[in-house]
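Q: Here is my input, please return the structure:
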Amino acid sequence: MKKIIVTSLVFIVLVSCGYVPIHSVNSNFNFYIENINLKGGDEDLSKFVKINLARYSSKNGKKFNIEGTIDYSKNSISKNSAGEVQEYELTASATFTVNSELYKKYYEFKESSKFKKLGDKFEERQYEQTLKQSLAQSITSRLSMQLSKFNDN
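A: So this is what the prediction gives:
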């Protein structure tokens, strides 16, 4: 009985806490991206960035054309006594050239993430893909924040 009451109470508190994802509330952006041209780096990371930026394609507000270069690296940061890699660092660097009707601005972002080597190579590749998606999301969120503040005046 006590478990049911506690579970119900926790459920009610979590449901009524007022959490709403930021992009669902503010889906009316004051800009849109007409063209996205990304070069270099990792194909998967570039694809994830393009997918994330595609949400800004509805034609309202300021128009932007974006060209960018994305670099990606996976480096070992720790090894055991036998010389086997124990921990990796993934680094994604993005440089964007944003063209509006009047101005051109440059933005650079760098994101990194560390993870321990997994025993299974397949799981490690899957986890690396998940981290790439997270890095791409972080980069595109930072870029969209800059674009929303962009002022042609």
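Q: So residue 136 is in contact with residue 43, correct?
A: No: the criterion here is C-beta atoms under 8 Å, and residue 136 misses it with residue 43 at 11.9 Å. Where C-beta positions appear, they are placed from N, C-alpha and C, glycine not excepted.
Q: out of these two, which sits in the busier spot?
A: Using other C-beta atoms under 10 Å as the criterion, residue 136 and residue 43 rank with residue 136 on top: 26 against 11.
Q: for the record, mean pLDDT for the one helix or strand the more buried one maps to?
A: Element membership of residue 136, judged by DSSP states H and E, is helix 121-149. Averaging pLDDT along helix 121-149 gives 90.
Q: which secondary structure elements does it contact?
A: strand 31-39, helix 43-53, strand 62-79, strand 85-99, strand 104-116 (3 or more C-beta pairs under 8 Å, 6 or more residues apart in numbering; DSSP states H and E).
Q: and the direction of it versus that of strand 104-116, what angle?
A: 150 degrees (axes from the mean of the first three to the mean of the last three C-alpha atoms, to 10 degrees).
Q: Identify whichever of the helices and strands packed on helix 121-149 lies nearest to residue 140.
A: Residue 140 lies closest, by C-beta to C-beta, to one member of the helices and strands packed on helix 121-149: helix 43-53, at 3.8 Å.
Q: next one: the helix holding residue 136 to chain centre, how far?
A: With C-alpha atoms, centre = their mean, to the nearest Å as the basis, helix 121-149 stands 3 Å off its chain's centre.
Q: Quick one: the helices and strands packed on helix 121-149 as CSV, columns for mean pLDDT too.
A: Putting the helices and strands packed on helix 121-149 into CSV (pLDDT from 0 to 100) gives the following:
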stretch, mean pLDDT
strand 31-39, 87
helix 43-53, 88
strand 62-79, 90
strand 85-99, 92
strand 104-116, 93
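Q: Tabulate these (CSV), appending distance to residue 148.
A: Formatted as CSV, the helices and strands packed on helix 121-149 follow (distance: least, C-beta to C-beta, whole Å):
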stretch, distance to residue 148
strand 31-39, 7
helix 43-53, 13
strand 62-79, 9
strand 85-99, 12
strand 104-116, 13
